[in-house]
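Student: predicted structure and sequence below. I'll ask about it afterward.
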There are 2 protein chains.
Amino acid sequence: MRAHPRLSLNQATIKYASLHDALAVTADAGFASIGLWREPIAEVGLREAERLVADSGLRVSSLCRGGFITTPPGAARAAALDDNRRALDEAAAVGAPTLVLVVGGLPDGSRDLLGARTRVAEAVADLVEHAEQVGVQLAIEPLHPMYVSDRAVVSTLAQALDIAEYFPASAVGVVVDTFHVWWDPDVLRQIARAGAGGRIAAYQVCDWATPLPADVLLARHHVGDGVIDFGSLTRAVVEAGYGGDVEVEIFNQDVWDADPRAVARRVIESFDAVVVPHLAV
Amino acid sequence: MRAHPRLSLNQATIKYASLHDALAVTADAGFASIGLWREPIAEVGLREAERLVADSGLRVSSLCRGGFITTPPGAARAAALDDNRRALDEAAAVGAPTLVLVVGGLPDGSRDLLGARTRVAEAVADLVEHAEQVGVQLAIEPLHPMYVSDRAVVSTLAQALDIAEYFPASAVGVVVDTFHVWWDPDVLRQIARAGAGGRIAAYQVCDWATPLPADVLLARHHVGDGVIDFGSLTRAVVEAGYGGDVEVEIFNQDVWDADPRAVARRVIESFDAVVVPHLAV
């Protein structure tokens, strides 16, 4: 079995695998690319992670994740920004072209959504110089509006682009994740806008189905198992000029509880059936 | 105790009360207005409902709900449109100026979000003549995007207005419900747009808090118990020229399980504390 050459397995899809095992499962399943997370890298240390990634022969499509930058000025904010600079260093070390930013929700006790959004833009401004120094693109990820208060005050591609466009495209782009943006009446126009500016840093796919599970963070499904039209979204991303890896990223307790090798095979098969027909335009 | 003269208790907030009891609880608590639902009216029959409402001395701020009009052409669609015409008749009979439309999600097995949205506009077009005949305004309600696939393919005020503006404002307006629209980066501009066109048919308030409950339909809270900034939204609605009733509509199992009279008092108190300071500009 071989995966489509642009398909990347985001490590969160096989969440319980160590870095070593995730790389092995991904390479053995026939992927050429993997999306990494910081926590499994931290478990083995950055130097060892670099060695494991190099030995695997896999490309690294992105590093998840930086962000959580809505904190008001003070020590906690300074620490968050420092942590994002370390995340950029880690992305560079493992060869990830992109650091995905989940920007954070409302600070505890706050109702100031506009203020939180402004602080995201300010934080990105603070991080741009370091991103350019290490050659990693910050990728602002709009999250579905059901996460606005506790995960990400950036809910739409338009919002993410409004921030990104203050900065060079080499330093700041956006993530197009089907789960988060498929509902947006403006999504096709914003994908075109992102592509025209060279701002599509990552394209992530997974599906939406209802009823939502009790923990709405775990509501993501294999492509084809839900109601998202991957044709129109994928064609829009391709027509916008994006030629990079396409990550499958699924948070789902049933998927996490399954055998990682079976999950990897299922990702390849469903991607071939549902997404690949729309990748060549 | 007296409620603010513009405060209306939406009947869904005391869901388990019959029409008779809901009217009594609402009037006794000192409200001048109530928002009604079709099911409790159907339980007693429309003629009896008219009598009960007249005897209560209450205004009716709106009737919930029509909609579910995304069905493809055929018998089911014709039946849905007929049901909406009956709902308009009922609204007129009980003196509700407005019929709230929850437009419906994707039809079973469909991934055609754009098609479903188009059919909403076509259905509204089919209903406008009857709405004008009976003197009731159709109110398109954008629902939070987490309901897009199963409840409402209209997710934003901009979308709702794009449909409404094809028709006279007397026949088609929109609902501004804080729970559904507070996250929208464009919300203040769209409220102004709605007001400028005389399109704000209803202003409904309740709060958003996380974590969301297992059933996300029941995620609504008393104003002040969550993270919504009622100041900016309420001032925007007032400045947009809306002078009608403000409904508190809460779907929440704990609220439903409480004594309806205690709930009615809590609605008055929290509205006085959280919303009323922003009603006079």
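Tutor: Nice, I can see it.

Student: what's the helix or strand containing residue A:9 in contact with?
Tutor: In this structure, residue A:9 sits in strand A:7-10 according to DSSP states H and E. For strand A:7-10, contacts defined as C-beta atoms under 8 Å, 6 or more residues apart in numbering or on different chains pick out A:3, A:25-26, A:29, A:31-35, A:59, A:61-62, A:64, A:204, A:245-250, A:264, A:267-268, A:271. All C-beta spots, glycine's among them, are computed from the backbone N, C-alpha and C.

Student: restricted to strands, list the residues you listed.
Tutor: A:33, A:34, A:35, A:59, A:61, A:62, A:64, A:204, A:246, A:247, A:248 (DSSP state E).

Student: of those residues - the most surrounded one?
Tutor: Tallying neighbours with other C-beta atoms under 10 Å in any protein chain shown puts residue A:62 at the head of the ones in strands among the contacts of strand A:7-10, with 30 neighbours.

Student: got the residues of chain A near chain B?
Tutor: Contact residues, chain A versus chain B (C-beta under 8 Å from any C-beta of the partner chain): A:106, A:110-114, A:117, A:144-146, A:148-150, A:155-156, A:158-159, A:182-185, A:208-212, A:214-216, A:226-229, A:232.

Student: out of the residues you listed, which are buried?
Tutor: Buried members of the residues of chain A next to chain B, scored by 16 or more other C-beta atoms under 10 Å in any protein chain shown, are A:106, A:110-113, A:117, A:144-146, A:148-150, A:155-156, A:158-159, A:182-185, A:208-210, A:212, A:216, A:226-229, A:232.

Student: just to revisit the earlier point, can you list the strands that the strand holding residue A:9 pairs with?
Tutor: Here strand A:7-10 is paired, per DSSP bridges, with strand A:33-37 (parallel), strand A:246-248 (parallel).

Student: quick check, residue A:185 in contact with residue B:153.
Tutor: No - contact status for residue A:185 versus residue B:153: not in contact, 9.1 Å apart, counting by C-beta atoms under 8 Å.

Student: need the overlap of contacts for these two.
Tutor: Residues touching both residue A:185 and residue B:153 (C-beta under 8 Å, 6+ apart) are residue B:117.

Student: make CSV out of the strands paired with strand A:7-10 and add mean pLDDT.
Tutor: Formatted as CSV, these follow (pLDDT from 0 to 100):
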stretch, mean pLDDT
strand A:33-37, 98
strand A:246-248, 98
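
Student: turn those strands into JSON lines, columns for distance to residue B:70.
Tutor: As requested, the strands paired with strand A:7-10 are exported to JSON lines (distance: least, C-beta to C-beta, whole Å):
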{"stretch": "strand A:33-37", "distance to residue B:70": "35"}
{"stretch": "strand A:246-248", "distance to residue B:70": "29"}
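
Student: so for residue B:75, which of these sits nearest?
Tutor: Minimum separation from residue B:75 across the strands paired with strand A:7-10 (C-beta to C-beta) falls at strand A:246-248, 40.1 Å.

Student: show me the contact partners of the closest one.
Tutor: A:4, A:6-10, A:13, A:35, A:61-62, A:202-206, A:222-223, A:267, A:271, A:275, A:279.

Student: likewise stretch A:150-160?
Tutor: A:67, A:70, A:102-106, A:113, A:116-117, A:120, A:140-145, A:147-148, A:163, A:174-176, A:181, A:184, A:186-187, A:190-191, A:193-194, A:217, B:183-185, B:210-211.

Student: just those residues: which are in strands?
Tutor: A:67, A:102, A:140, A:174, A:175, A:176.

Student: return a PyMOL selection command for the buried portion of the residues you listed.
Tutor: In PyMOL syntax, the buried subset of the ones in strands among the contacts of stretch A:150-160 is picked out as below (16+ other C-beta under 10 Å):
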select buried, chain A and resi 67+102+140+174+175+176
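
Student: residues contacting residue A:272?
Tutor: Residues in contact with residue A:272, defined by C-beta under 8 Å, 6+ apart, are residue A:4.

Student: same check, this time on residue A:117
Tutor: Contacts of residue A:117 (C-beta under 8 Å, 6+ apart): A:70, A:153, A:154, A:159, B:185.

Student: now do residue A:33
Tutor: Counted by C-beta under 8 Å, 6+ apart, residue A:33 has contacts A:6, A:7, A:8, A:9, A:58, A:59, A:60, A:61, A:245.

Student: could I get these as TSV with pLDDT?
Tutor: What follows is the contacts of residue A:33, written out as TSV (pLDDT from 0 to 100):
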residue	pLDDT
A:6	98
A:7	98
A:8	98
A:9	98
A:58	98
A:59	98
A:60	98
A:61	98
A:245	98
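
Student: want to throw those residues into TSV with distance to residue A:255?
Tutor: Converted to TSV, the contacts of residue A:33 look like this (distance: C-beta to C-beta, whole Å):
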residue	distance to residue A:255
A:6	21
A:7	16
A:8	16
A:9	12
A:58	20
A:59	23
A:60	21
A:61	19
A:245	20
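
Student: looking at those, which is nearest chain B?
Tutor: Nearest to chain B among the contacts of residue A:33: residue A:7, at 21.1 Å, using C-beta to the nearest C-beta.

Student: and that closest one, how many neighbours?
Tutor: By other C-beta under 10 Å, neighbour count at residue A:7 equals 24.

Student: ditto for residue A:195
Tutor: Residues near residue A:195, counting by other C-beta under 10 Å: 18.

Student: and it, what is it in contact with?
Tutor: Counted by C-beta under 8 Å, 6+ apart, residue A:195 has contacts A:237, A:239, A:240, A:241, A:242.

Student: and the gap between the second one and residue A:165?
Tutor: To tie it back to what came earlier, the one meant is residue A:239. 20 Å (C-beta to C-beta, to the nearest Å).

Student: the last one too?
Tutor: Plainly put, residue A:242 is 17 Å away from residue A:165 if you go by C-beta to C-beta.

Student: neighbour-wise, which of these two wins?
Tutor: Each of residue A:242 and residue A:165 has its neighbours counted (other C-beta under 10 Å); residue A:242 has more, 23 against 15.

Student: for burial, what's the neighbour tally of the closest residue to the more buried one other than its chain neighbours?
Tutor: Once flanking residues are discounted, residue A:242 sits nearest to residue A:200: 4.3 Å by C-beta to C-beta, 6 or more residues apart in numbering or on different chains. Neighbour count for residue A:200, taken as other C-beta under 10 Å: 24.
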